[in-house]
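Colleague: Build me a structure from this.
(one chain, ligands or ions: 2)
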Amino acid sequence: MSVIVAPSVLSADFAHLGRDIDMLNGSEAEWIHIDVMDGSFVPNISFGFPILQAIRKQTRKFCDVHLMIVQPERYIKQFKDAGADHLTIHLEGNVHLDSVIREIKAQGLSAGVAINPATPVSELKEVISLIDVVLVMSVNPGFGGQKFIPNALNKVRETRDLIAQAGSKAKIEVDGGVGLENAGSLIEAGADVLVAGNAVFGASDPVKTISAIKNAAAK
Ligand code: DX5
Ligand code: ZN
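Modeller: Ligands and ions are numbered 1, 2, ... in the order given. As a prediction, this is how the structure comes out:
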């Protein structure tokens with residue numbers, strides 16, 4: 001199976017959001033990555049339910065919602081009602097991680113757990129069999145357009161090993177600074193889903209760039 005490309009709308013033009021979602025609808029991107037930030041878990045504030053609802057109205061693609069917020073358990077039902085297909089929560093600061101994952105699944109959504117650059121893959125051990133996605137952060141979360149942290153490649157390999165040991169079906173998603181220059185190595189390391197914000201929306205031909213990321217071979 002080829003890699004799934006998940007463009008991050010954080011880098012879209014919000015004054016022309018409908019146009020940008022239509023562009024994604026006509027592209028090879030299977031997922032749309034939606035970054036929710038609360039100014040507390042991360043230093044930045046992005047957007048919430050109204051934007052997700054607007055995106056949902058405009059697309060049938062898989063809405064992959066990345067929650068960079070404290071106490072995400074407060075909003076699971078609301079994100080589902082706003083149109084999320086999938087919720088990723090962060091491992092960091094989530095004291096009751098197991099129960100939040102179960103709550104997301106109980107709502108009929110798929111569930112992911114994200115790990116920041118300083119969080120070891122081994123901390124996923126007890127939840128790896130429960131989740132659908134591991135999101136390996138390849139930048140410190142909060143902003144689009146940051147530089148890729150190369151150690152993420154090792155973490156993708158470690159995650160692949162952990163998944164194999166546990167017999168888990170989780171997909172490996174990589175988020176932050178991903179583009180044509182590292183897509184091939186990430187795919188080779190075991191990535192199943194590549195998030196790309198700046199690389200897609202900053203390109204002169206975003207549709208072509210999505211296709212090129214999807215078909216990237218290791219350099
Ligand atoms: C960062 C977000 C990312 C971001 C990726 O906190 O989680 O999804 O939008 O943007 P690029 O691809 O520009 O690094
Ligand atoms: Zn993200």
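
Colleague: helix/strand/coil for V65?
Modeller: strand (DSSP: H, G, I helix; E, B strand; the rest coil).

Colleague: Hmm, I typed the wrong one, I wanted L87.
Modeller: From three-state DSSP, the assignment for L87 is strand.

Colleague: Do I have it right that it meets A114?
Modeller: No - L87 lies out of contact with A114 (Cβ atoms under 8 Å); the separation is 10.5 Å. C-beta: built from backbone N, CA, C; applies to glycine.

Colleague: Which one of the two is surrounded by more residues?
Modeller: L87 (28 against 21; other Cβ atoms under 10 Å).

Colleague: how much space is there between the more buried one and ligand 1?
Modeller: Distance of L87 to ligand 1, given as Cβ to the nearest ligand atom, to the nearest Å: 14 Å.

Colleague: what's L194 sitting at in phi/psi?
Modeller: phi -120, psi 120 (degrees, to the nearest 10).

Colleague: what's near enough to touch it?
Modeller: V3, I4, V5, A6, E173, V174, V178, A183, L186, I187, I213 (Cβ atoms under 8 Å, 6 or more residues apart in numbering).

Colleague: Repeat that for H90.
Modeller: Here H90 is in contact with F41, L67, M68, P72, V113, A114, I115, N116, P141 (Cβ under 8 Å, 6+ apart).

Colleague: can you redo those as JSON lines with pLDDT and distance to ligand 1?
Modeller: As requested, the contacts of H90 are exported to JSON lines (pLDDT from 0 to 100; distance: Cβ to the nearest ligand atom, whole Å):
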{"residue": "F41", "pLDDT": "98", "distance to ligand 1": "10"}
{"residue": "L67", "pLDDT": "98", "distance to ligand 1": "10"}
{"residue": "M68", "pLDDT": "98", "distance to ligand 1": "6"}
{"residue": "P72", "pLDDT": "98", "distance to ligand 1": "14"}
{"residue": "V113", "pLDDT": "98", "distance to ligand 1": "14"}
{"residue": "A114", "pLDDT": "98", "distance to ligand 1": "8"}
{"residue": "I115", "pLDDT": "98", "distance to ligand 1": "12"}
{"residue": "N116", "pLDDT": "98", "distance to ligand 1": "10"}
{"residue": "P141", "pLDDT": "98", "distance to ligand 1": "3"}
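
Colleague: which of the residues you listed count as buried?
Modeller: F41, L67, M68, P72, V113, A114, I115, N116, P141 (16 or more other Cβ atoms under 10 Å).

Colleague: got TSV for those residues, with secondary structure too?
Modeller: Putting the buried ones among the contacts of H90 into TSV (three-state DSSP) gives the following:
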residue	secondary structure
F41	coil
L67	strand
M68	strand
P72	helix
V113	strand
A114	strand
I115	strand
N116	coil
P141	coil
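
Colleague: Brilliant, that's me finished.
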